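In: Here is the input, now give the coordinates:
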Amino acid sequence: MNKLIMITGATSGFGKACADIFAKNNNNLILTGRRNDRLTEVKQELISKYGVEVLTLCFDVQDKEATFEAISSMKGSWTAVDVLINNAGLASGFDKIQDGDLNDWERMINTNVKGLLYVSKAVIPLMQNRHKGHIINIGSTAGKEVYEKGNVYCASKHAVDAISKAMRVDLLGEGIKVTQVCPGAAETEFSEVRFHGDKQKAKQVYNGYTPMTAENIAEVIYYTTTLPENLCINDLVLTSVAQANSFYIKRD
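Out: So this is what the prediction gives:
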């Protein structure tokens with residue numbers, strides 16, 4: 001086997017697509033998520049298709065105690081994590097800040113910022129012990145600029161941008177790479193979650209142009225892990241050809 005890859009939020013979207021491409025290339029996997037039925041389904045599918053070993057850990061990254069308990073339960077060869085993909089994240093709500101829902105705000109901050117920190121804090125020592133590893137944080141174009149009604153989501157992804165830069169500085173000399181991948185519009189469950197399950201609103205986000213897919217993002221993430229040991233891609237911003245940034249999308 002090539003490497004051991006740990007992916008948070010692995011039951012859908014970018015996380016699931018990453019699990020597939022890494023398994024396809026003969027890597028073992030640690031998959032985490034909140035939905036145990038989906039974790040089991042993904043695990044069985046990958047074992048059947050590719051014959052790799054898969055460990056699943058069911059917990060919510062918002063829950064500090066559950067996060068550390070789950071990761072501390074990993075034993076033996078499962079502690080030799082080569083790549084951590086901090087993918088678990090979401091947007092919840094799309095309102096001007098004066099109309100925002102506090103529950104939405106807390107959910108985004110607790111998942112996108114605190115959850116990423118909890119998982120990283122638990123896994124970094126495992127990489128330090130081996131003086132090697134690669135942390136990939138999934139940011140967003142929303143972490144590069146702010147847009148109307150993006151407020152707290154944008155803030156949370158700006159935090160991911162800052163944390164990624166800080167990680168890279170603090171982990172110098174530890175042999176651990178840090179990469180941030182910042183996608184623009186990609187058609188996944190993202191917008192459906194943002195609009196609280198309103199599929200009609202979610203669909204409108206992607207009307208009139210060809211957005212990226214989860215598989216597109218996963219291919220780039222995989223590529224960043226294939227480079228020589230002395231080379232690290234620090235920061236990548238990805239959009240479809242139809243999108244310039246968070247503001248400009250060319251629709252038909």
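
In: what's the distance between the residue minimising distance to the centre of the chain and A202?
Out: By CA atoms, centre = their mean, the chain has its centre lying nearest to N87, at 1.3 Å. Using CB to CB, to the nearest Å, N87 is found at 19 Å from A202. (Each C-beta comes from the backbone N, C-alpha and C, glycine too.)

In: cool, and D99?
Out: Distance from D99 to A202, by CB to CB: 20 Å.

In: Which residue ranges of this structure form strands?
Out: Ranges of strands in the chain, per DSSP state E, are 4-7, 28-33, 54-58, 83-86, 133-138, 176-183, 235-238.

In: partners of the second one, with directions?
Out: When pairs are called by DSSP bridges, strand 28-33 turns out to pair with strand 4-7 (parallel), strand 54-58 (parallel).

In: List the neighbours of it that are in contact with it.
Out: 1, 3-11, 15, 19, 22-23, 39, 42-43, 46, 52-59, 61, 70, 74, 78, 81, 88, 119 (CB atoms under 8 Å, 6 or more residues apart in numbering).

In: Figure out how far it is from the centre of its chain.
Out: Once both centres are worked out by CA atoms, centre = their mean, to the nearest Å, strand 28-33 turns out to sit 12 Å from its chain's centre.

In: buried ones in that strand?
Out: Buried residues in strand 28-33, counted by 16 or more other CB atoms under 10 Å: 28-33.

In: could those go into JSON lines alongside pLDDT and distance to A186?
Out: Formatted as JSON lines, these follow (pLDDT from 0 to 100; distance: CB to CB, whole Å):
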{"residue": "N28", "pLDDT": "98", "distance to A186": "26"}
{"residue": "L29", "pLDDT": "98", "distance to A186": "21"}
{"residue": "I30", "pLDDT": "98", "distance to A186": "24"}
{"residue": "L31", "pLDDT": "98", "distance to A186": "20"}
{"residue": "T32", "pLDDT": "98", "distance to A186": "21"}
{"residue": "G33", "pLDDT": "97", "distance to A186": "18"}
